[in-house]
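**Student:** Okay, structure incoming, though there's no sequence with it:
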């Protein structure tokens, strides 16, 4: 009983923190993007626009929830929830820090990284089904693209992570962080890190790989027909995926909550937040810098460059580890 | 290999450019709170001027209406009577209406006016929720008698109006809107409305 209560309290806390982070990640994205485009960004609601997320949320809540007459009503209504729930479920296994009392995570799964990847892969069903169930052209094209993009980039992403798993010798996220006490895996697995960052952008459907929503060609892509709260759910899912990807990059390549410069007086959670924030900044920076890829180039890049490179990286890592004994 | 290095260089340049902009001062003027000083001869909302004795300058000649390329001005003149002299001449404008939605703010009315009665001011905040409210009649165009005579458009030193008549202190939309009432198809419209305050 007390264990259940403990887990519920931890879940509520993590959900609250994660949703708040989502809100401010969105504001941060708008601000950073604006500054990089020589605009001031949102600054009308509250000081420095800090209340903007609340205003956006209120707007989303009060908008009309439309369902097109050609849509499949059940799947159409269900799809945003699939995206959202899978995006949130990932945070059940992510360890944020560690103290003498134990890991700062809801559950410590010994196959944590596998859980994360399987759940984020499920999340694509939300997007695919949303596009299919909308009963409209552009969303269908968007969901087709998302499926194809997912298949071609998921492979390279997983392969890039296997290198880390070989080095760490474990699939537990906490174990991977412990293996990085001396040296962050970004150094020996630099190629893997680059591949992970690129594929993760494609995975989260963000610019320059946002072919799925490509507003210039597909109106809004898979969420064209969605409005109000359901659109908001997709929005939350997209940003949560971005936060997840940043957290995983931190855990796998930047040593998780391991302190920088040996500053162990600073709590681990702060290091974790700083590192994840840095990764999120890189993502926003990418969006501000690079134009969207053409679709065939995206596929060619995934299959002809990233996948062979990831395979080579994996083979080299395995060979070196085996050779060293 | 050369292509690879070229790509790396191009990427670095791109990321450096956006990163530079990140720290640069933003040129945005925070409009409703900070208002930009615009050009001295800015063509904005019109006003109808008076003489020093309070008489209207407009003599109802309709030259402005003829000059107007957008057909935005309607003038209906009437004879002055000895008991009710509105202007020094024989006639005055009984009705003077400008449709600010049609107006292209070219200033030809100002140039055509033989008595410097119609003048373009730097006021530009005219937004409203109803089309009818954009038809400015005499009640909103004619300056109040205490506003003074203003400077003729041709006599502004270096084109800078030393005296902008009633609009020397630029009024906000709210002030303009609450100070006057519009007529449209002979009906009075309610004038209290929301605007950008402050």
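**Tutor:** Right, received. Where do you want to start? Please read these numbers as outputs of a predicted model, since none were measured by experiment.
**Student:** neighbouring strands for the lengthiest strand in chain B, and are they parallel or not?
**Tutor:** Scanning chain B for the longest strand, with DSSP state E as the assignment, gives strand B:91-99. Its sheet considered, strand B:91-99 pairs with strand B:73-79 (antiparallel), strand B:135-136 (antiparallel) by DSSP bridges.
**Student:** Would you mind confirming that residue B:76 is in contact with residue B:92?
**Tutor:** No: if you go by CB atoms under 8 Å, residue B:76 and residue B:92 don't touch, sitting 10.4 Å apart. The C-beta positions use only the backbone N, C-alpha and C, and glycine is treated the same way.
**Student:** Now for these two: what residues contact both?
**Tutor:** Here residue B:76 and residue B:92 share the contacting residues residue B:60, scored by CB atoms under 8 Å, 6 or more residues apart in numbering or on different chains.
**Student:** What segments of chain B are strands?
**Tutor:** Applying DSSP E to chain B gives strands spanning B:46-48, B:73-79, B:91-99, B:118-120, B:135-136, B:183-184, B:187-188.
**Student:** With mean neighbour count added, can I get these in JSON lines?
**Tutor:** As requested, those are exported to JSON lines (neighbours: other CB atoms under 10 Å in any protein chain shown):
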{"stretch": "strand B:46-48", "mean neighbour count": "22"}
{"stretch": "strand B:73-79", "mean neighbour count": "16"}
{"stretch": "strand B:91-99", "mean neighbour count": "21"}
{"stretch": "strand B:118-120", "mean neighbour count": "23"}
{"stretch": "strand B:135-136", "mean neighbour count": "22"}
{"stretch": "strand B:183-184", "mean neighbour count": "16"}
{"stretch": "strand B:187-188", "mean neighbour count": "10"}
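**Student:** need those in TSV with mean pLDDT, can you?
**Tutor:** Listed next are the strands of chain B as TSV, based on pLDDT from 0 to 100:
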stretch	mean pLDDT
strand B:46-48	87
strand B:73-79	89
strand B:91-99	90
strand B:118-120	86
strand B:135-136	89
strand B:183-184	36
strand B:187-188	38
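**Student:** Any chance of those in CSV with distance to residue A:81 as columns?
**Tutor:** Putting the strands of chain B into CSV (distance: least, CB to CB, whole Å) gives the following:
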stretch, distance to residue A:81
strand B:46-48, 58
strand B:73-79, 60
strand B:91-99, 52
strand B:118-120, 58
strand B:135-136, 52
strand B:183-184, 51
strand B:187-188, 53
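**Student:** which residues touch residue B:107?
**Tutor:** Contacts of residue B:107 (CB under 8 Å, 6+ apart): B:43, B:120.
**Student:** Roughly how far does it sit from chain A?
**Tutor:** Per CB to the nearest CB, to the nearest Å, residue B:107 is found 33 Å from chain A.
**Student:** Next one, pLDDT for that residue please.
**Tutor:** Residue B:107 is assigned 87 on the pLDDT scale.
**Student:** Check residue A:313 too.
**Tutor:** The confidence metric pLDDT takes the value 90 at residue A:313.
**Student:** With residue B:66 instead?
**Tutor:** As predicted, residue B:66 sits at a pLDDT of 92.
**Student:** Name all residues that make contact with it.
**Tutor:** Residues in contact with residue B:66 (CB under 8 Å, 6+ apart) are residue B:112.
**Student:** Next, count neighbours for residue A:181.
**Tutor:** 10 (other CB atoms under 10 Å in any protein chain shown).
**Student:** ah, wrong one, I meant residue B:80
**Tutor:** Residue B:80, neighbours per other CB under 10 Å, totals 19.
**Student:** right, and it touches residue B:86 too?
**Tutor:** Yes: with contacts counted by CB under 8 Å, residue B:80 reaches residue B:86, the gap being 5.9 Å.
**Student:** Overlap in contacts, these two.
**Tutor:** Counting by CB under 8 Å, 6+ apart, the contacts common to residue B:80 and residue B:86 are residue B:92.
**Student:** Flag the shaky bits of the chain, pLDDT-wise.
**Tutor:** Just so you know, I chose chain A. Scanning chain A for pLDDT under 70 picks out A:1, A:262.
**Student:** ah, no, chain B please
**Tutor:** Ranges of chain B meeting pLDDT under 70: B:35-41, B:148, B:150-198.
**Student:** Cross-check the contact I'm expecting between residue B:64 and residue B:114.
**Tutor:** No: between residue B:64 and residue B:114 there is no contact under CB under 8 Å: 9.7 Å.
**Student:** so what's residue B:112 closest to, chain neighbours aside?
**Tutor:** residue B:67 (3.6 Å; CB to CB, 6 or more residues apart in numbering or on different chains).
**Student:** buried residues in the helix or strand containing residue A:140?
**Tutor:** Assessed by DSSP states H and E, residue A:140 sits inside helix A:137-168. Counting neighbours by 16 or more other CB atoms under 10 Å in any protein chain shown, one finds that the buried residues in helix A:137-168 are A:138-143, A:145-150, A:152-168.
**Student:** again with stretch A:187-195
**Tutor:** Neighbour counts over stretch A:187-195 (16+ other CB under 10 Å) mark A:188-189, A:191-195 as buried.
**Student:** how about the residues of chain B that lie near chain A?
**Tutor:** Within chain B, the positions near chain A by CB under 8 Å from any CB of the partner chain are B:14-15, B:17-19, B:21-24, B:26-28, B:30.
**Student:** who wins for most neighbours among the residues you listed?
**Tutor:** Highest neighbour count within the residues of chain B next to chain A: residue B:18, with 20 neighbours (other CB under 10 Å).
**Student:** OK, contacts around that one?
**Tutor:** Applying CB under 8 Å, 6+ apart to residue B:18 gives the contacts A:36, A:285, A:288-289.
**Student:** so which of those also contact chain B?
**Tutor:** The subset of the contacts of residue B:18 within reach of chain B, by CB under 8 Å from any CB, is A:36, A:285, A:288-289.
**Student:** how about a markdown table for these, with neighbour count and secondary structure added?
**Tutor:** A markdown table is the format used below for the ones next to chain B among the contacts of residue B:18 (neighbours: other CB atoms under 10 Å in any protein chain shown; DSSP: H, G, I helix; E, B strand; the rest coil):
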| residue | neighbour count | secondary structure |
| --- | --- | --- |
| A:36 | 22 | helix |
| A:285 | 17 | helix |
| A:288 | 22 | helix |
| A:289 | 18 | helix |
